[in-house]
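Undergrad: How does the following fold in three dimensions:
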Amino acid sequence: MSFNIAIDGPSGAGKSTIAKRLANELSFVYVDTGAMYRAMALYFLREKIDPKDEKAIAAACPKIDITIAYQEGVQCVILNGENVNDYIRDEEVGIMASNTSIYADVRAKLTALQQKLAQTSNVIMDGRDIGTCVLPNAQVKIYLTAKVSARAARRYDELVKKGVEADYDQIETDIKDRDYRDMHREIAPLKQADDAILVDSSDMDIEQVLSVIKNIYEKAVLKGKE
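TA: Numbering: from 1, shown residues only. I've put the predicted structure just below:
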């Protein structure tokens, strides 16, 4: 039987960073669900599809194939045969992903692929509805969050280090807006699963967060052997 770890939480809480490190240390498969949604969003942007046009979005879904591949130890998101790792982290793509992930056709396509992976492999998935919708039977569920100010500061520092011009106030506003959209969307809104453990990373560094979650995982493994 495969072991599944679900990590949910708002944008900028550090879900992907923690999930990748944890997967590496536990020898699990890391499935970046957010990247998969971003890959779909990239397709919609390239095709100049209006995010408000649900019919056009639905019609485009069957034309999209997204897979996860590892090349030299690096996880790559493959969109219709193209490695799109270098394109899916743009702010424009993130906004499109948030706006289009509300649609049933988009979610159904990706959820089926993600669930199939989880049935055959020990996986760690991070996103906004993993514990509530995608992997409701995951043995470990984490809700990783942080204050808006902490998340905005992290994003600002990240952009500055890359040499990208950044406006802290705009970043904070964008995060608040995205939180509202994610928490109030009709289909699979962002929320903490009833059996998920809350981890607030506002005042913790990566190593501290990793330590907390690994401890939760180890307790779950022991409980499963009882």
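Undergrad: Next, the distance between the ends of stretch 126-143.
TA: This stretch, stretch 126-143, spans 10 Å end to end (CA to CA, to the nearest Å).
Undergrad: Identify each buried residue in the one helix or strand Arg178 maps to, please.
TA: Per DSSP states H and E: Arg178 is located in helix 168-184. Neighbour counts over helix 168-184 (16 or more other CB atoms under 10 Å) mark 171-172, 174-175, 178-179, 181-182 as buried. No exception for glycine: its C-beta is placed from N, CA and C like everyone else's.
Undergrad: same deal with stretch 60-76?
TA: 60-61, 64, 66, 68, 75.
Undergrad: where along this structure do the strands fall?
TA: 4-8, 29-32, 66-71, 74-79, 82-83, 123-127, 140-145, 197-200 (DSSP state E).
Undergrad: mean confidence for stretch 157-164?
TA: Here stretch 157-164 scores 92 as its mean pLDDT.
Undergrad: How about residues contacting it?
TA: Stretch 157-164 has contacts (CB atoms under 8 Å, 6 or more residues apart in numbering) with 165-166, 171.
Undergrad: How far does it sit from its chain's centre?
TA: Here stretch 157-164 shows a centroid-to-chain-centroid distance of 21 Å under the convention CA atoms, centre = their mean, to the nearest Å.
Undergrad: now the lowest-mean-pLDDT helix or strand in the chain and strand 74-79, what's the angle there?
TA: Using mean pLDDT, DSSP states H and E, strand 66-71 stands out as the lowest-scoring helix or strand of the chain, at a mean of 80. If you take axes from the mean of the first three to the mean of the last three CA atoms, to 10 degrees, strand 66-71 sits at 150 degrees to strand 74-79.
Undergrad: Other residues contacting stretch 111-121?
TA: For stretch 111-121, using CB under 8 Å, 6+ apart, the contacting residues are 2, 4, 28-29, 31, 33, 36, 66, 68, 123, 125, 133-135, 138.
Undergrad: ok, back up a step: now, among the buried residues of helix 168-184, which is nearest to Val199?
TA: Asp179 (17.1 Å; CB to CB).
Undergrad: Verify the stated contact: the closest one with Gly12.
TA: No: counting by CB atoms under 8 Å, Asp179 does not reach Gly12; the two are 9.4 Å apart.
Undergrad: low pLDDT regions in this protein?
TA: The chain contains residues with pLDDT under 70 at 226.
Undergrad: Show me what the longest helix out of those in it is packed up against.
TA: Counting by DSSP state H, the longest helix found in the chain is helix 206-225. Using 3 or more CB pairs under 8 Å, 6 or more residues apart in numbering; DSSP states H and E, the elements in contact with helix 206-225 are helix 15-26, strand 140-145, strand 197-200.
Undergrad: okay, now the closest residue in space to Val221 that isn't next to it in sequence: neighbour count?
TA: Nearest residue to Val221 in three dimensions, chain neighbours excluded: Phe3, at 7.7 Å (CB to CB, 6 or more residues apart in numbering). Number of residues near Phe3 (other CB atoms under 10 Å) recorded here: 18.
Undergrad: tell me the phi and psi of Phe3?
TA: Dihedral pair for Phe3: phi -110, psi 130, per degrees, to the nearest 10.
Undergrad: That one and Phe44: what is the separation?
TA: 34 Å (CB to CB, to the nearest Å).
Undergrad: now do Asn137
TA: Computed as CB to CB, the Asn137 to Phe44 distance reads 31 Å.
Undergrad: With Tyr70 instead?
TA: Going from Tyr70 to Phe44 by CB to CB gives 26 Å.
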